[in-house]
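Peer 1: no sequence on this one, just coordinates:
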């Protein structure tokens, strides 16, 4: 599928899936409320449907969004049933976590487990059957050749060959390539003649090795004919950045982004950060009290340690922690530089003598990090993201590629944190984990890291 047609088809599919899930939740309640008592007269009566409206409101609209993020709607023609089931299960797990969150923190109750079982089974089966029907429809459309858009490919011969070879099965089901014109060797009049001969509705330009003036002339010819012109945006070769389009000042802009771009998933991450930080702040209040009392009794000086750290894109912000070192720790750092165990700009040593006894306990249990929840509430940090480094350490980074870890908000926890902080002594390995997180970011990855953080904290793995 191509462009807006693909987007519209995807949205229609997601609306259909939302309707199917809502129906399955209603039908699951109907089975338990009406039919089960017919066969089991002594069964406990459950409340009417209105007690389950909140479940429908969470599951029906948000499940397709989560499934899209898991790739459930992609590469439909070639996807195996096993992969579909795996993606579906992953999506349902995420939605299950959201429902559990509502039950725990909003005290919304699910009055019948049987309704949930019936609804999940029916919903999963309905989505798989809808996908199978859609896959069969795509394959029949491919074999018949009916309804495909008539297109023409233009550019250099090598570029066109590579482009056609890389077209997916689903794309070939949507378009019929009727001709290809090498505009580096043939005049634009041949392109115009092909438009007339084949009744072309769209020209796909693959322009990696074609001069822009030639492309401009060909696009103007399409404009005159009223035919859509699409230009492949791979004439700039990038290793990491992914191209998208946007509009600024009324002009079309080709955008290369190497970080997660603006999306509903990213917006939801921000909501999870704020709500999660507030909940964790309230739950952890007894630990705050223990930390405050222990610091007061165990060391002279302020309870909190504040330091300027590098935030999103390196913007400085003041990060809060419970103080775990003596008040003269910063001045003694120069004396300990020779004992630094980290390779690179970061300073870390085992059994740091600047840490007082109670502070070491706070660090081992990661309680010293709790005040950073305030930074998350203020939007300066995220629950998950690369750990923020002091500004002076960022200034010592010599490799520009390592600064890409600053392209997302810093976080309370990250891949480096859950893999054992003291197990990694090389700064490049640390940055590699951060970049792996950035390049593979998804809301599910954040949830996995959060789920791994608590066991890591309990074990005290790598904390120092």
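Peer 2: Done, it's in. Just so you know, these numbers come straight off a predicted model, no measurement behind them.
Peer 1: any weak-confidence spans in the stretch 1-150 of the chain?
Peer 2: Confidence mapping of the stretch 1-150 of the chain against pLDDT under 70 gives the ranges 1-5, 142, 145-147.
Peer 1: Let's see that with 50 instead.
Peer 2: Under the criterion pLDDT under 50, the flagged ranges of the stretch 1-150 of the chain are 1-2.
Peer 1: now the helices for it?
Peer 2: Here the stretch 1-150 of the chain has its helices, by DSSP state H, counting those that start in this stretch, at 3-30, 36-39, 53-69, 81-105, 113-144.
Peer 1: Please identify which of these is closest to residue 355.
Peer 2: Residue 355 lies closest to helix 81-105 among those, at 35.2 Å (C-beta to C-beta). The way it works is simple: take the backbone N, C-alpha and C, and place the C-beta from them, glycine included.
Peer 1: Centre of the chain to the closest one, how far?
Peer 2: Offset of helix 81-105 from its chain centre (C-alpha atoms, centre = their mean, to the nearest Å): 15 Å.
Peer 1: For that helix, which outside residues touch it?
Peer 2: 54-55, 58-59, 62-63, 66-67, 69-72, 108-110, 120, 124, 127-128, 131, 279, 443-444, 447 (C-beta atoms under 8 Å, 6 or more residues apart in numbering).
Peer 1: now with 7 Å?
Peer 2: Residues from elsewhere that reach helix 81-105 (C-beta atoms under 7 Å, 6 or more residues apart in numbering): 54-55, 58-59, 62-63, 66-67, 70-72, 108-110, 120, 124, 127-128, 131, 279, 444, 447.
Peer 1: out of the helices of the stretch 1-150 of the chain, deepest packed?
Peer 2: For those, the largest average neighbour count (mean count of other C-beta atoms under 10 Å) is found in helix 53-69, namely a mean of 19.
Peer 1: helices or strands up against it?
Peer 2: When contacts are defined as 3 or more C-beta pairs under 7 Å, 6 or more residues apart in numbering; DSSP states H and E, helix 53-69 sits against helix 3-30, helix 81-105.
Peer 1: Make TSV from these and add distance to residue 261 to it.
Peer 2: Below are the helices and strands packed on helix 53-69 laid out as TSV (distance: least, C-beta to C-beta, whole Å):
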stretch	distance to residue 261
helix 3-30	15
helix 81-105	20
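Peer 1: which one of those helices lies closest to residue 390?
Peer 2: Here helix 81-105 is closest among the helices and strands packed on helix 53-69 (C-beta to C-beta), at 34.3 Å.
Peer 1: between that closest one and helix 53-69, how big is the angle?
Peer 2: Going by axes from the mean of the first three to the mean of the last three C-alpha atoms, to 10 degrees, helix 81-105 is angled at 140 degrees with respect to helix 53-69.
Peer 1: returning to that earlier point: and of the helices and strands packed on helix 53-69, who's closest to residue 347?
Peer 2: That would be helix 81-105 among the helices and strands packed on helix 53-69, by C-beta to C-beta, at 37.6 Å.
Peer 1: tilt between that closest one and helix 3-30?
Peer 2: Here helix 81-105 runs at an angle of 60 degrees relative to helix 3-30 (the same axes, to 10 degrees).
Peer 1: change the start of the numbering to 43 and stick with it
Peer 2: Renumbered: residue one is now 43, and that last one reads helix 123-147.
Peer 1: what ranges do the strands span in the stretch 343-492 of the chain?
Peer 2: With DSSP state E, counting those that start in this stretch, the ranges of strands along the stretch 343-492 of the chain come out as 346-352, 358-364, 424-426, 453-455.
Peer 1: Residue ranges in the stretch 393-506 of the chain under the pLDDT threshold?
Peer 2: In the stretch 393-506 of the chain (pLDDT under 50), the answer is 504.
Peer 1: Now with 70, please.
Peer 2: Scanning the stretch 393-506 of the chain for pLDDT under 70 picks out 462-465, 500-506.
Peer 1: can you give me phi and psi for the nearest residue to residue 371 once chain neighbours are set aside?
Peer 2: Once flanking residues are discounted, residue 371 sits nearest to residue 396: 4.1 Å by C-beta to C-beta, 6 or more residues apart in numbering. When read as degrees, to the nearest 10, the backbone of residue 396 gives phi -80, psi -10.
Peer 1: Next: residue 220.
Peer 2: The phi/psi pair for residue 220 (degrees, to the nearest 10) is phi -90, psi -20.
Peer 1: quick one: contacts for it?
Peer 2: Listed by C-beta under 7 Å, 6+ apart, the contact partners of residue 220 are 192, 194, 240, 242.
Peer 1: ok, the last one - contacts?
Peer 2: The reference is to residue 242. Counting by C-beta under 7 Å, 6+ apart, residue 242 makes contact with 192, 193, 194, 220, 236, 269.
Peer 1: wait, which of those is closest to residue 359?
Peer 2: Proximity of these to residue 359 was ranked by C-beta to C-beta; the top entry is residue 193 with 50.4 Å.
Peer 1: That closest one: what secondary structure?
Peer 2: Using DSSP: H, G, I helix; E, B strand; the rest coil, the structure places residue 193 in strand.
Peer 1: does it really touch residue 240, like I thought?
Peer 2: No. With contact defined as C-beta atoms under 7 Å, residue 193 does not reach residue 240; the gap is 9.1 Å.
Peer 1: And those two? Which one has more around it.
Peer 2: residue 193 (21 against 15; other C-beta atoms under 10 Å).
Peer 1: Could I get the pLDDT score of the more buried one?
Peer 2: Predicted confidence (pLDDT) for residue 193: 91.
Peer 1: separation between it and residue 367?
Peer 2: Distance of residue 193 to residue 367, computed by C-beta to C-beta, to the nearest Å: 66 Å.
Peer 1: Identify the farthest-apart pair in the contacts of residue 220.
Peer 2: Distances among the contacts of residue 220 were taken as C-beta to C-beta; the most separated pair is 192 and 194, at 8.0 Å.
Peer 1: and for those two, which residues touch both?
Peer 2: 220, 240, 242.
Peer 1: dump the residue contacts of residue 399.
Peer 2: Shown in contact with residue 399 (C-beta under 7 Å, 6+ apart): residue 340.
Peer 1: one step back: list just the nearest of the contacts of residue 242 to residue 426.
Peer 2: The shortest approach to residue 426 among the contacts of residue 242 belongs to residue 193, at 42.6 Å (C-beta to C-beta).
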